[in-house]
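Novice: Pasted the sequence and its predicted model underneath.
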Amino acid sequence: MASRIEDYALIGDCHTAALVALNGSIDWLCFPRFDSGACFAALLGTEEHGCWSLSPAEKIRQIRRGYHDDTLVLETEYETADGVVSVIDCMPPRSKEADLVRIVAGKRGQVPMHMRLVLRPDYGSIIPWVRRTKNGICAVAGPDTLTLQSDVKLRNENFKTEADFIISAGQRLHFVLTWLPSHDADGVTADAEALLAQAEQWWREWSGRCTYRGPYRDNVVRSLVTLKALTYAPTGGIVAAPTTSLPEWIGGVRNWDYRYCWVRDATFTLYALMLAGYTAEAAAWRDWLLRAVAGKPSQLNIMYGLAGERRLPEMELNWLPGYEGSAPVRIGNAAWEQFQLDVYGELMDAMHLARRGGLAPDENAWRVERALVDHLESAWSEPDNGIWEVRGPKRNFTHSKVMAWVAMDRMVKAVENFGLEGPVERWRGVRAKIHDEVCRHGFDRARNTFVQYYGGTALDASLLMVALVGFLPPGDPRIKGTVEAIERDLMADGFVLRYRTNPKVDGLPPGEAPFLACSFWLADNLALMGRREDARLLFERLLGLCNDVGLLAEEYDPATKRHLGNFPQAFSHVALINTASNLSQPQGPAKDRQQS
């Protein structure tokens with residue numbers, strides 16, 4: 001069985017990423033991209049579906065681990081009766097080859113070690129052809145070649161590669177796993193120590209550019225490093241998570257593929273990067289968005305592939321039992337076909353923020369925005385699938401209409417504040433019409449709260465965006481009533497649920513843990529409303545959920561004290577960065593959007 005989700009750490013090379021468990025097993029890795037087939041898929045099954053374990057062969061008394069300074073170089077220290085040994089894991093920034101480096105370093109005494117490599121390309125479905133090489137093995141399966149260079153003698157048993165050795169104090173032994181396309185798999189020789197030094201230097205230089213200087217700097221830098229690790233370097237796209245099908249409820253069916261890029265995350269991500277001084281990454285993300293959404297406005301996707309791919313067909317992998325039996329395991333995501341109004345607002349908001357932040361203008365950006373908002377003028381009144389991608393019937397979701405208002409508002413301000421050309425009077429009229437409709441049909445006067453959808457009574461954490469996007473000022477009694485209603489009815493042990501799951505609304509069986517990004521949004525609202533001490537206490541409780549190396553999943557179950565959902569989750573870390581800025585800087589994202 002795979003480890004608990006929170007027991008994993010992340011390593012990556014800005015093309016793909018691996019998850020390393022406390023016990024020294026790498027249980028998830030896709031080559032050559034985040035969305036490629038996994039060669040290690042034990043995370044969603046068993047060892048037989050692929051993994052790479054490297055740890056002491058005797059009883060472990062204590063495990064300590066952490067990243068080297070502000071890098072993505074992981075070191076796990078094991079203490080046994082015979083001594084202390086460290087395993088250093090990293091994936092240096094990609095050149096031609098993709099390398100995963102593991103170095104075993106003896107610290108004290110002599111420790112027996114065991115290594116087991118189970119290569120199973122295509123999500124654990126293929127046993128590759130393996131042959132010996134001068135210093136290791138070479139495995140071939142279809143388009144993939146994987147080579148292992150090793151300082152120790154390897155043996156093959158039952159289609160697995162194993163080794164037993166003893167590490168002594170002061171000794172360092174090296175293992176390098178390299179991926180190449182099988183049609184271009186010339187012999188490679190890698191210097192593990194040089195690759196480690198390269199990775200450390202690259203990450204230190206990158207994290208050293210961070211300009212955030214507040215009290216939560218360690219958490220902010222770790223979140224920024226995680227965000228950078230989830231960036232697909234060739235295009236600038238940022239995946240929501242490096243994993244698929246980690247469940248939102250153990251044993252449930254809410255298991256989705258998050259190895260894609262959501263328009264929903266655009267503005268929050270831009271704020272997080274720009275506030276910390278990463279303007280080049282912000283510009284790359286903005287440019288990826290523009291390339292991805294270009295085309296017929298009515299065909300705007302809610303999500304795209306790493307290079308802007310539009311078709312992300314969903315299928316189930318029935319040979320994988322799922323994480324702790326949470327089936328089905330899915331690859332691809334059928335939500336790409338959904339209609340979501342909110343993405344128009346998120347896109348326009350991101351472009352507006354880019355202009356205000358001084359990013360170099362793109363001559364085609366305004367043309368794209370004009371075309372999209374022309375379509376939105378007739379489409380905003382239609383029902384949609386909503387921000388949470390419900391698989392039930394389309395509805396007039398209040399958050400979706402609010403974000404349609406945001407799209408119109410940012411276009412008006414582009415004309416007013418930046419002198420861009422457009423039918424501003426007409427846009428002002430549509431903006432006013434949407435605002436009036438939301439206040440009439442999306443607000444429950446008897447309960448003094450906005451509601452999930454027109455005519456309904458349910459609450460939704462996305463309503464916390466009403467103030468954060470500037471639709472109403474934080475002092476408005478309707479905002480106060482909505483926040484208080486969410487605190488009263490959508491909290492589970494101090495954390496915020498997205499909504500109370502209901503098959504009639506989302507088309508799925510009930511059951512879901514609190515959603516971490518929504519809990520950060522509540523803290524943002526509390527800060528805006530002047531309840532700064534409540535905001536700080538909630539934020540610091542959320543920081544306490546980070547695992548031992550500072551990572552967050554999508555959700556957290558207070559009852560079992562376990563992380564749930566895909567991991568690590570970019571949206572959770574983006575929200576952490578923004579809330580830290582809201583609480584520690586006079587002009588954080590929440591206040592800034594009020595004045596945009």
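Specialist: Everything's here; your move.
Novice: Give the buried residues for the longest helix seen in the chain.
Specialist: Longest helix of the chain, by residue count under DSSP state H: helix 398-418. Residues 398-415 are the ones in helix 398-418 that count as buried (16 or more other Cβ atoms under 10 Å). For the C-beta atoms, the positions are set from N, CA and C on the backbone; glycine is no exception.
Novice: next one: stretch 139-151
Specialist: Judged by neighbour count (16+ other Cβ under 10 Å), stretch 139-151 contains these buried residues: Ala139, Val140, Ala141, Asp144, Thr145, Leu146, Thr147, Leu148, Gln149, Ser150, Asp151.
Novice: Identify the residues contacting Arg367.
Specialist: By Cβ atoms under 8 Å, 6 or more residues apart in numbering, Arg367 lies in contact with nothing.
Novice: what helix or strand is it on?
Specialist: Following DSSP states H and E, one finds Arg367 within helix 365-379.
Novice: Just checking: what are the partner strands of the top strand by length along the chain?
Specialist: Identified as the longest strand of the chain according to DSSP state E is strand 98-118. Strand pairing for strand 98-118, using DSSP bridges, gives strand 51-56 (antiparallel), strand 83-90 (antiparallel), strand 160-168 (antiparallel), strand 172-181 (antiparallel).
Novice: sorry, back to before: buried stuff in the helix holding Arg367?
Specialist: Residues of helix 365-379 classed as buried: Ala365, Trp366, Val368, Glu369, Arg370, Ala371, Leu372, Val373, Leu376, Glu377, Ala379 (neighbour count, 16+ other Cβ under 10 Å).
Novice: Tabulate the CA atom coordinates of that helix in PDB.
Specialist: The C-alpha coordinates for helix 365-379 follow below in PDB (Å, rounded to 0.1, in the frame of the first residue of the first chain):
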ATOM      1  CA  ALA A 365      -3.600  40.500 -25.900                       C
ATOM      2  CA  TRP A 366      -6.200  43.300 -26.300                       C
ATOM      3  CA  ARG A 367      -7.600  41.800 -29.500                       C
ATOM      4  CA  VAL A 368      -8.000  38.500 -27.700                       C
ATOM      5  CA  GLU A 369      -9.800  40.100 -24.800                       C
ATOM      6  CA  ARG A 370     -12.000  42.200 -27.100                       C
ATOM      7  CA  ALA A 371     -13.100  39.000 -28.900                       C
ATOM      8  CA  LEU A 372     -13.800  37.100 -25.700                       C
ATOM      9  CA  VAL A 373     -15.800  39.900 -24.100                       C
ATOM     10  CA  ASP A 374     -17.900  40.300 -27.300                       C
ATOM     11  CA  HIS A 375     -18.900  36.700 -26.900                       C
ATOM     12  CA  LEU A 376     -19.500  37.100 -23.200                       C
ATOM     13  CA  GLU A 377     -22.000  39.900 -23.700                       C
ATOM     14  CA  SER A 378     -24.500  37.400 -25.000                       C
ATOM     15  CA  ALA A 379     -23.300  34.300 -23.100                       C
END
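Novice: circling back: can you give the distance of the longest helix of the chain from its chain's centre?
Specialist: 26 Å (Cα atoms, centre = their mean, to the nearest Å).
Novice: Could you do stretch 23-35 as well?
Specialist: 15 Å.
Novice: first vs last residue of that stretch, how far apart are they?
Specialist: Its first and final residues considered, stretch 23-35 spans 25 Å by Cα to Cα, to the nearest Å.
Novice: got it, and stretch 124-136?
Specialist: Using Cα to Cα, the two ends of stretch 124-136 sit 22 Å apart.
Novice: Now do it: everything it contacts.
Specialist: When contacts are defined by Cβ under 8 Å, 6+ apart, stretch 124-136 is touched by residues 38, 41-42, 44-45, 48-50, 119-121, 137-142, 144, 146-150, 154, 156, 159, 161, 187, 189, 317, 319-320.
Novice: what about Glu484, how many neighbours?
Specialist: 13 (other Cβ atoms under 10 Å).
Novice: residue contacts, it?
Specialist: Glu484 makes contacts with Thr449, as judged by Cβ under 8 Å, 6+ apart.
Novice: Kindly state the pLDDT recorded for it?
Specialist: Looking at Glu484, its pLDDT reads 98.
Novice: phi, psi of it?
Specialist: phi -70, psi -40 (degrees, to the nearest 10).
Novice: Can you give me the separation between it and Asn582?
Specialist: Using Cβ to Cβ, to the nearest Å, we find Glu484 at a distance of 20 Å from Asn582.
Novice: isn't Arg259 right up against Ile238?
Specialist: No. Judged on Cβ atoms under 8 Å, Arg259 makes no contact with Ile238 at a distance of 11.1 Å.
Novice: which stretches of this protein have low pLDDT?
Specialist: Regions of the chain meeting the criterion pLDDT under 70 cover residues 185-187, 596.
Novice: Doesn't Trp521 lie inside a strand?
Specialist: No. Assigned with DSSP: H, G, I helix; E, B strand; the rest coil, Trp521 falls outside any strand and is helix.
Novice: do you know how far the nearest residue to it once chain neighbours are set aside is from Thr579?
Specialist: The shortest distance from Trp521 to any non-neighbouring residue, by Cβ to Cβ, 6 or more residues apart in numbering, is to Leu464 (4.2 Å). Leu464 is 12 Å from Thr579, where distance means Cβ to Cβ.
Novice: Next: Asn385.
Specialist: Counting by Cβ to Cβ, the separation of Asn385 from Thr579 is 27 Å.
Novice: Compare neighbour counts for these two and give me the winner.
Specialist: Set side by side, Asn385 and Thr579 show more neighbours around Thr579, with 29 against 24, by other Cβ under 10 Å.
Novice: Just give me how far whichever helix or strand the more buried one is part of sits from the chain centre.
Specialist: Assigned by DSSP H and E, Thr579 falls within helix 570-584. The chain centroid and the centroid of helix 570-584 are separated by 13 Å, computed with Cα atoms, centre = their mean.
Novice: Next SSE downstream of it?
Specialist: Heading C-terminal from helix 570-584, the first helix or strand you meet, by DSSP H and E, is helix 589-594.
Novice: residues of that following helix that come out buried?
Specialist: Pro589, Ala590, Lys591, Asp592, Arg593.
Novice: Just name the closest of these to Asp342, please.
Specialist: Arg593 (15.0 Å; Cβ to Cβ).
Novice: what's the burial count for the closest residue in space to Ile302 that isn't next to it in sequence?
Specialist: Leaving aside its chain neighbours, Ile302 sits nearest to Gln340 (4.6 Å; criterion: Cβ to Cβ, 6+ apart). Using other Cβ under 10 Å, Gln340 is surrounded by 27 other residues.
Novice: same thing with the one 5 residues further on?
Specialist: Residues within reach of Gly345, counting by other Cβ under 10 Å, total 29.
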